[in-house]
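> Quick one, structure for this:
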Amino acid sequence: MRPVDALTEIAELLERNRASRYKSKAFRAAAETVAGLSAAELADTGRLRSRKGIGDSTFAVITEALSGVVPQYLLDLRASVEPETTSTLRTLLKGDLHAHSDWSDGLTSIDLMADAARALGHDYLALTDHSPRLRVANGLSAERLRQQLTELPAFSGGGFTLLSGIEVDILDGGALDQEDALLDELDIVVASAHSKLRMDAGPMTRRLVAAASNPRVDVLGHVTGRLVSGSRGTRPPSTFDARAVFEACASNGVAVEINSRPEREDPPDELLSLAVEIGCLFAIDSDAHASGQLSLLDHGAARAERLGVDPDRVVTTWSLDRLRDWSRGR
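Next up, the predicted model:
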């Protein structure tokens, strides 16, 4: 096993398990270091240990791989990683409309996100970094988003398309945290609330209905904002009139996101069933913040299948042409 492959697989498995971002970044940094070394340079273990980006754990992985065995760290991680959840619906998914790169609060670069999406068999992936108000997530100003847009075309090709997009913050009154003209240029707009999640039900309902009624919005992201597990702790769902919000989504052709992150499971089962009853469209998304998290789609697909979501109402089962017709038509 090549050291670079062992280090990269470890990083991806750590990301899928939502382990500490510092761990996965350390293994990715080491992989980047060894990728540029010759066989002779790798064999010089004394000098290798002193190279930038190589620590005790990564050095052990490299030396074990060089000796011709699968590193123990990787074997242990493979044994402990949560298994993928299989479902028929997962096999029908053609893409993902919610993913972040290191331009905002993601861990990995755009090229790694695109490569991972290709490896999963995606036809498309929407890059949806955060909008400016979310400073803690290094949200993109209008200027930075315009710069990103000039770079995205280089990552499409070979049957795969990287769609331009944004996860735009829904402001307190329901407006969107980015210039309207710039939102019009994007392929996909995911609108999500990230602040004041405990506001009273009336104002929160009006806030979400306003976003779902905005013709620039394609997907309403993690609608309740809840957290049910994970390193960030737990957070109760926002309170609002779910029927009013989902009816606004249905009447405006906005997809309700089925967020695949296990720590979110958003919307909760009872609200997802209500959205099915009302006749909403859905987007099964990974909300990936690293390339190793794109595979989390299996969780969302399994839950959607269990709750009887019609695959044809899941926009991420659609072809790229149909998806674009829907988005542009809105």
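> can you count the residues close to the closest residue to residue 47 other than its chain neighbours?
What sits nearest to residue 47 in space, not counting adjacent residues and going by C-beta to C-beta, 6 or more residues apart in numbering, is residue 41, at 7.5 Å. All C-beta spots, glycine's among them, are computed from the backbone N, C-alpha and C. Residue 41: 12 surrounding residues under other C-beta atoms under 10 Å.
> host element of residue 41?
Using DSSP states H and E, residue 41 sits in helix 39-43.
> Same question for the helix or strand following that helix: list its buried residues.
Next in sequence after helix 39-43, counting helices and strands by DSSP H and E, comes helix 45-49. For helix 45-49, burial by neighbour count (16 or more other C-beta atoms under 10 Å) applies to residue 48.
> Dump the following helix or strand past helix 45-49 to CSV, keeping only the CA atoms.
For helix 45-49, the following helix or strand on the C-terminal side (DSSP H and E) is helix 56-66. Taking C-alpha atoms only, helix 56-66 is exported to CSV below (Å, rounded to 0.1, in the frame of the first residue of the first chain):
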residue,chain,number,x,y,z
ASP,A,56,4.4,10.6,15.2
SER,A,57,1.1,9.0,14.0
THR,A,58,1.6,9.8,10.3
PHE,A,59,5.2,8.7,10.4
ALA,A,60,4.1,5.3,11.8
VAL,A,61,1.6,4.9,9.0
ILE,A,62,4.1,5.8,6.4
THR,A,63,6.8,3.4,7.6
GLU,A,64,4.3,0.5,8.0
ALA,A,65,3.0,1.1,4.4
LEU,A,66,6.6,1.2,3.1
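> And the helices in the stretch 51-200 of the chain, which stretches?
Taking DSSP state H, counting those that start in this stretch, the helices of the stretch 51-200 of the chain run over residues 56-66, 72-80, 88-92, 110-119, 142-151, 180-185.
> who wins for proximity to residue 265 among the ones you listed?
Of all these, helix 88-92 sits nearest to residue 265, with 15.8 Å by C-beta to C-beta.
> Residue 10: what secondary structure?
At residue 10 the chain is in helix, as set by DSSP: H, G, I helix; E, B strand; the rest coil.
> contacting residues for it?
Shown in contact with residue 10 (C-beta atoms under 8 Å, 6 or more residues apart in numbering): 27, 61, 71, 73, 74, 77.
> Nearest spatial neighbour of residue 140, chain-adjacent residues omitted?
The shortest distance from residue 140 to any non-neighbouring residue, by C-beta to C-beta, 6+ apart, is to residue 129 (5.3 Å).
> Which of the contacts of residue 10 sits closest to residue 148?
Residue 148 lies nearest to residue 27 out of the contacts of residue 10, by C-beta to C-beta, at 25.9 Å.
> So what's the residue count around the closest one?
What residue 27 shows, counting by other C-beta under 10 Å, is a neighbour count of 26.
> try the one 4 residues further on
Using other C-beta under 10 Å, residue 31 has 23 other residues around it.
> Please report the distance of it from residue 215.
Per C-beta to C-beta, to the nearest Å, residue 31 is found 43 Å from residue 215.
> I'd like the contacts of residue 10 as CSV, with pLDDT appended.
CSV is the format used below for those (pLDDT from 0 to 100):
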residue, pLDDT
27, 97
61, 97
71, 98
73, 97
74, 97
77, 95
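> ok so, going back, quick one, which of the helices of the stretch 51-200 of the chain gets closest to residue 252.
Residue 252 lies closest to helix 180-185 among the helices of the stretch 51-200 of the chain, at 15.2 Å (C-beta to C-beta).
> tell me what that closest one is packed against?
Counting contacts by 3 or more C-beta pairs under 8 Å, 6 or more residues apart in numbering; DSSP states H and E, helix 180-185 packs against helix 142-151, strand 161-169.
> nearest to residue 11, of the contacts of residue 10?
Within the contacts of residue 10, proximity to residue 11 (C-beta to C-beta) peaks at residue 27, which comes in at 4.1 Å.
> tell me the pLDDT at the residue nearest to the closest one when sequence neighbours are not counted?
Distance criterion C-beta to C-beta, 6+ apart; nearest residue to residue 27, sequence neighbours excluded, is residue 11 at 4.1 Å. Note for residue 11: predicted pLDDT of 97.
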